Each structure stands twice: as structure tokens, then as C-alpha cells.
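Colleague: My questions concern the predicted model and sequence given below.
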Amino acid sequence: MPRHTVGRSPLRGPRPVLRGPRPLLRALRTTSASACAVLLAVTALAGCNRDQGSGAAGGGKVGIDLPRSDSDFWNSYQGYVEKGVTADGIDALPLTNSQNDIGKLVSNVQVFTDQGAKAVVMAPQDTGAIAETLRTLSEKKIPVVSVDTRPDTGDVYMVVRADNRAYGEQACQYLGERLKGRGKVAEFQGDLSSINGRDRSEAFKSCMHRKYPGIRVFELATDWKGDVASAKLQSTLAAHPDINGIYMQAGGVFLQPTLALLEQKKLLKAAGTPGHITIVSNDGIPEELDAIRAGKIDATVSQPADLYAEYALYWAERALEGKTPKAGPTDHGSTVIKIPNGFEDQLPAPLVTKENVDDDKLWANQLEKKS
């Protein structure tokens with residue numbers, strides 16, 4: 001199986017070497033292996049030892065649905081997926097894009113199954129409404145890799161995401177310390193029908209109540225839409241002109257409309273100067289890193305778009321091989337945990353500030369060097 005080469009960074013170590021069946025003559029050296037030798041002589045490709053979930057190399061077509069194209073983060077993810085498919089020789093069906101529409105996602109998955117997909121990679125934005133589709137795929141024994149979002153119910157082979165509660169916690173702690181525990185913060189909440197929106201919002205709220213009760217938080221539901229966030233921020237600023245902090249749960253959709261509004265209101269002041277509004281974001285796209293360098297925002301949590309793509313494809317290949325995931329640390333700097341409906345590979349997502357914004361390990365910096 002070819003190794004993954006997309007967006008490789010020092011965050012992860014070498015891949016495990018996948019070994020095929022032992023040669024026949026080696027198997028014949030011991031009587032305990034004689035039964036396996038007979039089987040090898042007949043099939044040439046099959047191994048006796050199935051108890052470790054190795055299975056025969058499966059192969060098959062992979063259906064990949066992209067969740068949306070209105071986010072710089074997801075557009076970057078798409079680029080990494082396309083490169084990974086080519087580099088690894090994956091037999092992928094034509095990529096689809098569900099455009100943040102659960103109905104389109106269901107329809108796209110049906111097309112995948114009609115075209116003979118043996119595994120599906122998706123990123124459902126509504127993690128509750130995908131349950132019936134997951135049930136159908138499970139009945140057809142088609143494994144699913146879910147990227148960035150964990151479906152509420154329904155079997156998944158693997159969820160590839162970062163710890164989204166840690167996103168909210170890190171944003172809370174950064175804002176709390178920078179504001180010295182006092183002030184007013186506008187929070188752009190993601191879609192609360194998504195586990196990511198819920199995780200980030202709940203963790204942020206819990207942390208603020210527990211650690212920084214002197215900070216008042218205005219929770220602004222946005223459905224991951226930049227225009228909605230901008231309109232609600234404008235109303236909040238009109239009523240509370242002393243807002244001194246903002247938490248954006250998705251810089252890919254919130255960054256540009258937020259900076260444009262603040263500039264229009266003459267509130268976009270450089271970090272370290274009087275009147276600066278402290279801004280923490282999530283995503284880690286190149287534009288956020290540039291904004292940190294320019295002092296327009298202060299920090300972001302870098303979602304690993306490169307690793308999302310790489311390990312979505314990696315786990316899809318493992319699923320096709322019939323391998324069973326195991327909980328515990330991985331060789332790529334993450335931890336696989338058991339969840340009620342499958343497994344989850346929790347990838348690292350570092351906090352980016354002015355101190356480490358030029359770190360070569362950040363995927364956005366790698367992307368800029370390649371462009």
C-alpha cells in the first residue's frame with residue numbers, strides 16, 4: 001500500500017510498514033505453520049492469521065463527499081484530498097460537494113452506492129440528520145469515515161477530527177487571560193445542530209463561567225454563515241460599544257466579514273494599541289495567520305486540513321483492507337478513542353499566536369510555501 005505524502009509535517013512519525021503473507025518456504029519450517037502453508041500454496045495471497053483484523057488486501061472504489069465550498073478551510077481540505085487521491089493511487093469516484101445541504105449529501109451517497117463504492121468519506125454538517133444514511137450504509141457493509149464531525153448516531157468506521165471541546169477551552173483561556181478576567185465578549189457560535197458547534201460552544205461557556213465570571217459573553221448563533229455573524233455583531237456593538245473580545249468558531253467563514261465590519265466602524269486597531277478588540281478564531285487558514293502577523297487578530301486554533309485529508313484517506317484504505325482500529329496512541333501524534341458508534345482519531349490542533357505564527361509545522365505555512 002503506498003504511503004501518504006500529502007502535507008507531511010514533523011507532527012507525525014513514520015508509517016507502520018504493512019506486511020503481506022509470509023513466503024511459503026518460511027511457513028513450512030515449523031509444523032505449527034503447516035496448515036497455513038497449505039492454504040498459502042492454494043491461494044498465494046491469503047494468510048492464516050485473521051485474528052488481528054489484517055484481512056486480505058481489499059481495494060475498491062471510494063466515494064468522497066466534500067461538505068461545502070464557501071469556506072477557505074474546506075477549500076484547502078479539498079485540495080489536499082485531490083492530491084492524496086492522486087499520490088496514493090486511490091480508486092476514487094468523482095468527488096461530490098453537498099454544499100452544507102443534508103439532502104444533497106444523502107443524494108450523493110446514494111450515487112456512490114449505485115456506482116459501486118466500497119467505502120465512503122464524508123463530513124456531515126448536520127450530525128443528527130445523517131443517521132438514516134449511516135444505517136443504510138451499515139446494512140450494505142460499506143464503512144464510513146466521517147471527517148471533522150462525529151455523527152450523533154449511526155455506525156462509523158472512523159471519525160477523523162480534532163478535540164473540538166479543546167478549541168472552546170483554549171479560546172476561553174486565551175481571552176480570559178488577555179482581558180484579565182473582565183469585559184464583554186461576542187461569540188460567533190457555529191451551527192448547534194453540528195457536534196462541532198455544540199462542543200466548542202459548551203466548552204467555551206463552561207470555561208467562562210468557571211474561570212472568568214467577570215466576563216460577559218454574548219452568544220450569537222450563526223449557522224456557520226459569515227453574513228449572519230456580521231449582522232449580529234453590528235447589532236451587539238450598537239448596544240454594547242465596549243465589546244473588547246470576539247471568539248470566532250470558524251475563521252474560514254467569519255474572518256473577512258468581521259474584519260470588514262470592524263474596519264468600517266473604525267474599531268480595527270492593532271494588537272497592543274488602545275481600543276484593540278482581542279480576537280480568537282478557529283481554523284488556521286493562511287488568512288488568519290496573516291491577520292495575526294498584522295495584529296488584526298490575536299490567535300487561532302489550527303485545524304489540521306492536511307491531516308484531515310491524509311488520515312481520512314488512510315482510514316478509508318484500512319477499512320477496505322478489513323482492518324479493525326484499536327484505541328490508543330498512534331504513530332502520527334494523535335490518539336484513537338472508542339466512541340459509542342465506532343472509533344475516533346483525535347488529531348493535534350495547536351493554538352497559534354504571534355509567538356509561533358511562522359512555525360513550519362503549521363499546515364497553512366506549508367501551503368503558502370508550495371503556492
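Modeller: Okay, I see it. Fair warning: this is a prediction, and the values are worked out from it, not measured in the lab.

Colleague: Could you report the neighbour count for residue 69?
Modeller: Residues within reach of residue 69, counting by other Cβ atoms under 10 Å, total 13. Any C-beta I mention is one placed from the backbone N, CA and C, and that applies to glycine too.

Colleague: Just list the residues touching the residue nearest to it when sequence neighbours are not counted, thanks.
Modeller: Leaving out its chain neighbours, the residue that sits closest to residue 69 by Cβ to Cβ, 6 or more residues apart in numbering is residue 97, at 5.7 Å. Residues touching residue 97, when contacts are defined by Cβ atoms under 8 Å, 6 or more residues apart in numbering, comprise 65, 66, 67, 68, 69.

Colleague: Quickly list what residue 97 is bridged to.
Modeller: The residues paired with residue 97 through beta bridges, assigned by DSSP bridges, are residue 66.

Colleague: what pLDDT does it get?
Modeller: At residue 97 the predicted local distance difference test score is 98.

Colleague: least trustworthy helix or strand in the protein by mean pLDDT?
Modeller: Sorted by mean pLDDT, DSSP states H and E, the helices and strands of the chain end with helix 24-27, the least confident at a mean of 34.

Colleague: Next, give phi and psi for the residue most central in space within the chain.
Modeller: Closest residue to the average C-alpha location of the chain: residue 148 at 3.2 Å, with Cα atoms, centre = their mean. Its backbone dihedrals place residue 148 at phi 70, psi -30, with angles given as degrees, to the nearest 10.

Colleague: just to revisit the earlier point, from the contacts of residue 97, which single one is nearest residue 133?
Modeller: residue 65 (10.6 Å; Cβ to Cβ).

Colleague: ok, now how distant is that closest one from residue 145?
Modeller: Taking Cβ to Cβ, to the nearest Å as the measure, residue 65 and residue 145 are separated by 11 Å.

Colleague: Do you have the helices of the stretch 151-300 of the chain handy? List them.
Modeller: If DSSP state H, counting those that start in this stretch is used as the criterion, the helices of the stretch 151-300 of the chain fall at 164-178, 195-211, 226-239, 251-264, 286-293.

Colleague: Could you tell me the angle between the longest one and helix 164-178?
Modeller: What separates the directions of helix 195-211 and helix 164-178 is an angle of 40 degrees, with axes from the mean of the first three to the mean of the last three Cα atoms, to 10 degrees.

Colleague: Identify the residues contacting helix 195-211?
Modeller: Contacts of helix 195-211 with the rest of the structure, by Cβ under 8 Å, 6+ apart, involve 127, 148-152, 161, 164-169, 171-173, 176, 181, 185, 187, 189-192, 215, 217, 219, 224, 247, 249, 282.

Colleague: what's near enough to touch residue 220?
Modeller: The neighbours of residue 220, taking Cβ under 8 Å, 6+ apart as the test, are 186, 187, 188, 189, 229, 232, 233, 236.

Colleague: Return the member of the residues you listed nearest to residue 271.
Modeller: The closest of the contacts of residue 220, once distances to residue 271 are taken by Cβ to Cβ, is residue 186, at 17.3 Å.

Colleague: Next one: the closest one from residue 283, what distance?
Modeller: Residue 186 sits at a distance of 18 Å from residue 283 (criterion: Cβ to Cβ).

Colleague: These two: which has the busier surroundings?
Modeller: The neighbour count for residue 186 versus residue 283, taken as other Cβ under 10 Å, is higher for residue 283 (27 against 23).

Colleague: I'd say the more buried one and residue 250 touch.
Modeller: Yes. Residue 283 sits in contact with residue 250 when judged by Cβ atoms under 8 Å, with a separation of 5.8 Å.

Colleague: intersection of neighbour lists for those two?
Modeller: By Cβ under 8 Å, 6+ apart, the residues touching both residue 283 and residue 250 are 71, 73.

Colleague: still on that earlier bit, tell me which of residue 65 and residue 145 has more neighbours.
Modeller: residue 145 (27 against 22).

Colleague: The strand or helix carrying that one: which residues count as buried?
Modeller: When secondary structure is defined using DSSP states H and E, the element that contains residue 145 is strand 144-147. The neighbour-count criterion (16 or more other Cβ atoms under 10 Å) identifies 144, 145, 146, 147 as the buried residues of strand 144-147.

Colleague: give me every residue that touches the nearest residue to the last one once chain neighbours are set aside.
Modeller: Nearest in space to residue 147, with sequence neighbours left out and distances taken as Cβ to Cβ, 6+ apart, is residue 123 at 4.2 Å. Each residue near residue 123 by Cβ under 8 Å, 6+ apart is listed here: 65, 66, 67, 74, 146, 147, 148, 149.

Colleague: Identify the farthest-apart pair in these.
Modeller: Among the contacts of residue 123, the pair separated by the greatest distance (Cβ to Cβ) is 74 and 146, which sit 14.4 Å apart.

Colleague: How about residues contacting the strand holding residue 145?
Modeller: Contacts with strand 144-147, where a contact means Cβ under 8 Å, 6+ apart, come from 67, 77, 119-124, 134, 137, 155-161, 308-309, 312, 315-316, 319.

Colleague: again, only using 6 Å
Modeller: If you take Cβ atoms under 6 Å, 6 or more residues apart in numbering as the criterion, strand 144-147 is touched by 120-121, 123, 137, 156-160, 308, 312, 315-316.
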